[in-house]
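**Q** pasting the structure only:
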């Protein structure tokens, strides 16, 4: 089977940032994490977890770390050993993916369709909006970044453009999304 998911970045709405992906039902949550990383353009630099409603909800699915062995109360499922079909059993099932526990990028995942056809690779088939850059301070830092970039008179304007790697005359495009380019990256997972 193949799962069709819509994954939307929470707390970003003008424009919203979302991706629609097709994922083999036998993928582990770790591979699903890699699909999401490529679909959104994240750099896979930070910790992540999946859970029904974010932090403190169970089951929590994540990659184990050495520190986890010291915490006997940490009840989680290993992302590499848990298939997405273990959790996603019916259309409409919702889950949360959190990436970067400092910036706390929360993504709402909805299983839109269960397709009987089997696939062996993931794909991105639609989306909207530019994904925020890594380490910009989460949704609130991103919104601040956008406000700074709207005002060339802002004292942080030049520094922000330099940090983003924008050339003279180049602007941050909130709507930039290339489905073909994204699909090519997701298909490599």
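**A** Yep, that arrived. Only a predicted model underlies this, so the values are computations on that prediction, with no experimental measurement involved. Numbering: from 1, shown residues only.

**Q** Residue 129 touches residue 175, doesn't it?
**A** Yes - judged on C-beta atoms under 8 Å, residue 129 makes contact with residue 175 at a distance of 6.4 Å. For every residue, glycine as well, the C-beta is placed using N, CA and C.

**Q** Looking at the two, which one has more neighbours?
**A** Neighbour comparison, residue 129 and residue 175: the larger count goes to residue 129, with 21 against 9 (by other C-beta atoms under 10 Å).

**Q** What separation do you get for that one and residue 17?
**A** In this structure, residue 129 and residue 17 are 4 Å apart, going by C-beta to C-beta, to the nearest Å.

**Q** Overlap in contacts, these two.
**A** Among the neighbours of residue 129, those also in contact with residue 17 (C-beta atoms under 8 Å, 6 or more residues apart in numbering) are residue 9.

**Q** Let's verify the residue most central in space within the chain: helix, strand, or coil?
**A** For the chain, residue 36 is the residue whose C-alpha lies nearest the centre (C-alpha atoms, centre = their mean; 4.7 Å). Assigned by DSSP: H, G, I helix; E, B strand; the rest coil, the conformation of residue 36 is helix.

**Q** quick one: the helices in this structure?
**A** Assigned helices in the chain, in chain order: 29-40, 138-150, 157-164, 179-186 (criterion: DSSP state H).

**Q** Columns mean pLDDT and distance to residue 107 on top of these, output as JSON lines?
**A** Output for the helices of the chain, formatted as JSON lines (pLDDT from 0 to 100; distance: least, C-beta to C-beta, whole Å):
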{"stretch": "helix 29-40", "mean pLDDT": "98", "distance to residue 107": "7"}
{"stretch": "helix 138-150", "mean pLDDT": "96", "distance to residue 107": "11"}
{"stretch": "helix 157-164", "mean pLDDT": "95", "distance to residue 107": "22"}
{"stretch": "helix 179-186", "mean pLDDT": "98", "distance to residue 107": "15"}
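
**Q** Buried deepest among those helices, which one?
**A** With neighbours defined as mean count of other C-beta atoms under 10 Å, those peak in mean count at helix 29-40, which reaches a mean of 23.

**Q** name the helices or strands packed onto that one?
**A** For helix 29-40, the helices and strands in contact under the criterion 3 or more C-beta pairs under 8 Å, 6 or more residues apart in numbering; DSSP states H and E are strand 2-13, strand 16-24, strand 48-51, strand 94-99, strand 123-128, helix 179-186.

**Q** Brilliant, that's me finished.
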